Structure formats: C-alpha cells, structure tokens
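# Got a predicted model here, sequence first, then my questions.
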Amino acid sequence: MLRATVTLLLSALAATAAAQAPCPVRVGGVLPLTGSMAPITKKIAQAAELAFEHVNQGGGVKGCPVQFILRDDQGQPTVGVDAAKYLVEIERVQAFTGTISSGVTGPIISAITAPSKVVQVTCCSTASPFTLDGRSQGYFFRTIPTSKTQAYATASETMRRGFKKTAVIYVNTDFGTDMLRFYRAAMARLGGDIAVEVPYNDNQPSYRAEVTRALAAKPESLLLVGFPKDAVTIVREWLSLGGTSNVALNNSMRTLDFVNGVGARFVENFFGMDNAQVAGPHVDAFNKSFEEKFKTDSKGPGVHTQYDAVMVIALAMNIAKELNGTAIRDAVRQVHAANGTPVGTGPGEFKKALELIRAGKPVKYHGATGPIEFDRNGDVTGPALVWKISNGQLVTDRTISIEEMQGLARRIEN
Amino acid sequence: MLTGIFSYAVFFSCVVLILSILTLGLNLQWGFTGLFNAGIAGFYAIGAYTHAILTAAPQPQFLGNFGLPWIVGIAAATAATALAAWLIGLLTIRLRGDYLAITSFGIAVTIQLVTLNWEALTGGSQGLSRIPKPLAGTFDSPLAFNLWYLALLAAVVGLLYWGLERIVRSPWGRVLRAIREDETAALALGKSARRFRLEAFVLGAALMGLAGALYVSFIGFVSPFDFLPILTFQVWAMLIVGGSGNNRGALLGALVVWGIWAAAGALVAKLVPPSHAAQGAAVQVILIGLALVLVLLYRPRGLIGERAVVSRHADG
C-alpha cells in the first residue's frame, strides 16, 4: 500500500515536472556585480538587460518570453562556480552568459559548463587557453576577440614593412603574455626575428630600465603592447634614448590621449592594429538604444560584446531544434551563416531574424561589435585594420579582410 | 526539478566539506593553540598548486604538469604544505598574536604573487587547466561524479574529525590548550611551547594544503584568483561562527557560513529583477554581513562553543 502511494506520488511529481510549461525560457547570467570589477560591470549588466529587452520585444525564444536570471560572482571563483551550478541545476538554464574575470570563468568552464553540457558565452574573458585546450568541449564561446587576431596581423604588417629584427616591450598580464605568445609564433613562421622580449609592470614612474634593455638588442622596430598611460612614458623614454620611430602598437593605443601624450610630431611612423568593423549601422543602432535607455553613453569595456553574447544565445536558442545545451551549442555556429540574410541589432531586427528562422532560412547576425562569426574554437574571428597617425589624427592605413586573416592563420598554425 | 535540487545539494556539500577541512585546520591552530594564522589562502594555494603541477596532463609550455596519479598529488600536496609551514613556522612561530597574523598574511600574499608570476610552473594569470578529476572517466554524468566525490570527501573529513578529536583530547592536545591559556604556566611545567606551537601550526597547515589539493581535483582548474585574501576571511568567519575550539563547531560553521553565502545570492536573484541586480548584489553582501553579526550577537562563542572542560575528577 505504502509503496503504491509512493509510486503514485512520484509519478505525479514526474508528471508535473514534465508538464511544466516551457514558458518562460530561462537564460542565466553570472557577472561580478560587487567586488573590484563592479565599476565596469554596471554597464555590462545594463547591456545584457537591454539585449533581453530587445529579444522579448522581438518575439522571445520559440514563442516564449525570456527570463533573465542574473547572479553575482563577487569576483570570486568559488562564488561564481556556485552561482553557475545553481543556475544550471535549480533554474535549469541551458545557456548562460558570463563572466568577466578569467579566474572565475576558468573554473566555471571545467566544473560546470563542460560536464553539464550547457552553453556559456562570455563578453569579457580573454585568456586564450579557454578555447584552445579542448576542455570546454565546444560549449564555451566568447564574443570578445582574443589577442590572436591582433598579434597575427601585427606580425604580418611588421614583415610587410620589412622590419626583420624587432624588440617587444609588453605589459605583464594575461593580455600582454597572450599577445606575445601569438606574436612570437607568427614571427617564427613569417621569417621575422624577435631580438628581445621585455615585460613591464604597470603604473611605474619610469621605464628606463626596460627601455634600455630593449635598445641594447639594436632592433629595427619596436612592438609595444600595453595601455596608453604607461605606453606614453615608455615611448617618450624610448625616443629620447635614440630608439627607432618604427613602432607598432596594440589596439589600446588607438586613442588621441596616447598621440597627444607623446606628441603628434614624434609618432608619424607609428602604426597599430585593431579589430575592424568597430563601426557601422548595427553598431550605431545599438549605441543609440543604449543611450536612450540608460541616459549614458555606451563606451566602456565589454558593453558591446555583452549585448552580442546575449543575442547569440537568443538566436541560437531559436535556431536549435530543441532547447538543450548540445543543440544550442551547434546552433551557435549558424548564427552567422555564410549564405544567410543579414540581421542586426534591436528588437525589429530580432523579429526579422525570427521570421527567417521560422521560414527555415539562414541568418547572418551583425552585432554591436560587427559580424559575429565563431571559429572552430569558439572565438570570434574578424577582419583587422592597420591604423597610423597622420597630422595628429588616427587614420586607417588599410584593412586586412577576413579572408586574408584566415589565410594568415592557416600559414601560421599549420 | 527534484534532481536539480539534489544535484545542486551534492555539489554544495562537496564545497562545504572542502571548506570544512580548512576550518578544521584553522581550529587546530587558533581554536586549540591560539595561533593567529591570517595566511590560510597561502597554504591552500601551496597544496592546490602542488597537486595541479604534479597531476595535470603534460603540456610543452610548462615545467611541471607531470601527469602523476591523483593519490600521489594529494599526498605530495599535503607533504609540501607541511614542509612549507615548517619553514615558515621556524621563522615566525615565536611571534605573538597580531604579529603572527601580519606576517602570515604577508606570506600568503607573497605566495599568491609567486603563482601569478612564475608562469612556466603555474601558468600565471591564465591558470592551469586539465587537472584530472579522480575516476572522472568512469562516471557518465556530473551528478554521478559529484556523488562519488562527496563520498570521498565525507570519508576524508570523517577521518580527520576522528583523528583531530583524538589528538586534542590526548596529552598533546592538552598542552596546546595550556599554551593557549597561559604560555608562561606551560613553560613553567617544562613544556617547550615553541615546539608544540610549531607542531600545531604545521599540522593545521597540512590540512589546508590537503583541502587545496581536493579543491583543484574537484574543479579541474586552478588560477591565482582562487587564493585572494577574501578566502582567509571566509574561513575565519566560519570558525568564529561555528565555534572556535570545537571541531564540530568548525564543521557546522563551514556549512552555515557557506550556506548563507550561497543562499543570499539565490534569494536576491529570486526577489530582485535583473535591472536592479547591481543593487541586489550589494544587498546580498549586506545580508551576509548581517547574518554573521547576528550570530555573533546572540551566540558570541559561536553556534557550538568550546565545551568547558574541567578535569573529569573534579566532579567526584
């Protein structure tokens, strides 16, 4: 009797669980809302909120509204892992976005995302091993370009300009060491020579020691990887000690603060890299709606990439036949189909995308950061551009198309 | 839904048990001996990295990553932490109270910076990945693995609890408490306070190293961000809330404090819409603080304080 009751009870429970309405569809988020990252996270969380608003206005996921459940990781790995586990097990999310610090994203990938087979899309964690070492089993994506594109493009441009012997001064963080690693691999393949590699720690009053070490190797050119404030100090010391004016820079230096900090007339031979497609109608549309909603500009790290991370999840969930992690993972690959109809940012464009998907037609998403196409590792690939400084202004020297970039990657990696 | 709650509970329990090993270690040092160790994260890091470096799959860019068996990593991590604690203890153990706290805190920060910068060995800020989880291949779902790991952790913690209970009741344990209460009196009785303090320090730190090793082989990834000073604070909060000087209090404290930490986050996410998530998260931190303060107000000696031990002959 008792056993029969228990069985009945269990089957009733199972039935309610199965019959539970699939609406609303839940999507998780893990972001450091408190802690040292909190100041930059505010806008990132707003970008996510805006994206979900656009998704819901445009028709949600498979006819359901989408509910966003956002958890705070406090910038602490154990807290972040716990939050992700909670989202996956108790809220039953099949996809979530997050997080910022690579130290929190890493354990989430290996403890939650890969074993539970749920999709994770980050706006901000750039540590290269996450997508390269295979531990994510393809469930991890990021909408922020890693340093690879930039490093390859820089190496290629350095060789194109005929500088065979280069010194590298780089900031000693995961960003700097990543750049150096990819640059080193590229130079080795393209026939260049790195004369010396000098790391630096940020916020020092002077970098004479580092600069002197780099100069001692007598390089034909310098690659400086870092951030504008310290880079100004380094470049001034470099030039005053007789260093060459053939200087290559990373994307962070593409700002007039840097140009004016050094002095425009000293930097005419400098050139730098950036990801192309940081402008265009879809980007403008996003900026505009962000400014309207939050009454503040959309500038800041991670804001655009976070919007795209959410949009990629929402589009993939609509494309996927079923709402499970594996199907969504495979559908992420179809968010930017080569033969698809272009769709952009905002509720109207999302609605258009849904109509196309319902009609069984491919879509090609152009997001707040340009075309979002993932390579086989789950990183965004994209065209790069070479910029230079002319009469104190930042101008585009040339763009390296996506085909050229892919060719370059093949040459370097195979 | 039910399996979800169960699955989360198993995962949560694993984390609690790992944290409770840290709390037990600290209880031996502070609760029984009165050693103000503010460098818990440092010893945890030594254990975690020793295990990761020994067991992770080989990769050409790393010096370590020897791919050794899990059990070797666990044993070596515990031994390496004990050795490090012995060396640190030789230099610092004569410091009293606050001075030991400042010194051990500094050492922990130094260790964290070494893990951040010694890239060839630790992977630097990118961390070390592909740390094997024991027998992970034999389980086909994360729940099954977590259940097995929970059983393993429960056995380890049970063994440690049993052992610690025995030794703190042994003559050795009585000397520790004597030193804690009145070092001069203990010295007058001919006990070498320095030696006993050092032994308790090394043993407690070894447990912290073991906890670190068990943590990385549970998560499969380690980076310097796992060892920020906040961890030291959390473990201290656990011990104070649970009841310093009582091993059961240490276990309970780990459960209660980590429970509050996790529940506050879940509660806030349930009640606060994402548009106010930033404010909600701040409330979460306030909730955690409030809960800790309330416990201390109403249970100043912790939830289960130290039992007043009087000689068993005293009643008679």
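Right, received. Where do you want to start?
# alpha carbons only for contacts and neighbour counts from here, please
Fine.
# how does chain A divide up, domain by domain?
Listed by automatic domain parsing, the domain ranges of chain A are A:24-144+A:302-374, A:148-273+A:383-413.
# does chain B sit close to the last one?
Yes - among the residues of domain A:148-273+A:383-413, A:173-174 lie within reach of chain B under CA under 8 Å from any CA of the partner chain.
# first to last residue in that domain, what's the distance?
Start-to-end span of domain A:148-273+A:383-413 (CA to CA, to the nearest Å) is 11 Å.
# same question, the longest one
With CA to CA as the measure, domain A:24-144+A:302-374 spans 28 Å from end to end.
# coming back round to it: with distance to residue B:99 and mean neighbour count as extra columns, can I get the domains of chain A in JSON lines?
Formatted as JSON lines, those follow (distance: least, CA to CA, whole Å; neighbours: other CA atoms under 10 Å in any protein chain shown):
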{"stretch": "domain A:24-144+A:302-374", "distance to residue B:99": "28", "mean neighbour count": "22"}
{"stretch": "domain A:148-273+A:383-413", "distance to residue B:99": "30", "mean neighbour count": "19"}
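# Can you tell me which of those domains is nearest to residue B:176?
Nearest to residue B:176, of all the domains of chain A, is domain A:24-144+A:302-374, at 32.8 Å by CA to CA.
# Run a quick neighbour tally on residue B:253.
Neighbour count for residue B:253, taken as other CA atoms under 10 Å in any protein chain shown: 29.
# Model confidence for the closest residue to it other than its chain neighbours, exactly?
Spatial nearest neighbour of residue B:253, chain neighbours left out: residue B:242 (3.6 Å); criterion: CA to CA, 6 or more residues apart in numbering or on different chains. Residue B:242 is assigned 92 on the pLDDT scale.
# now do residue B:311
Predicted confidence (pLDDT) for residue B:311: 64.
# Tell me which helix or strand comes right after whichever helix or strand residue B:173 is part of.
Here residue B:173 sits within helix B:171-181, counting by DSSP states H and E. Toward the C-terminus, helix B:171-181 is succeeded by helix B:183-188 as the next helix or strand (DSSP H and E).
# Relative to the whole chain's centre, how far out is that next one?
30 Å (CA atoms, centre = their mean, to the nearest Å).
# can you list the residues that contact that helix?
B:175, B:178-179, B:192-193 (CA atoms under 8 Å, 6 or more residues apart in numbering or on different chains).
# Report the mean per-residue pLDDT for it.
So the average pLDDT for helix B:183-188 ends up being 90.
# how about that helix: buried residues?
B:183, B:186 (16 or more other CA atoms under 10 Å in any protein chain shown).
# ok, now stretch B:75-94?
Buried-residue list, stretch B:75-94, by 16+ other CA under 10 Å: B:75-82, B:84-86, B:88-89, B:92-93.
# which bits of the stretch 101-250 of chain B sit near chain A?
B:124-127, B:129-130, B:141-142, B:218-226.
# Which among the residues you listed count as buried?
Buried members of those, counted by 16+ other CA under 10 Å: B:124-127, B:129-130, B:142, B:218-226.
# Mind picking the two most distant members of these?
So, those by CA to CA: farthest apart are B:124 and B:142, at 28.2 Å.
# quick one on the thing from earlier: surely the residue nearest to residue B:253 meets residue B:300?
No - counting by CA atoms under 8 Å, residue B:242 sits too far from residue B:300 to count as a contact (10.2 Å).
# So for those two, which residue has more residues nearby?
residue B:242 (31 against 15).
# ok, that one to residue A:309 distance?
Distance from residue B:242 to residue A:309, by CA to CA: 42 Å.
# Tell me which residues touch residue A:83, please.
When contacts are counted by CA under 8 Å, 6+ apart, residue A:83 touches A:30, A:71-73, B:262, B:265-266.
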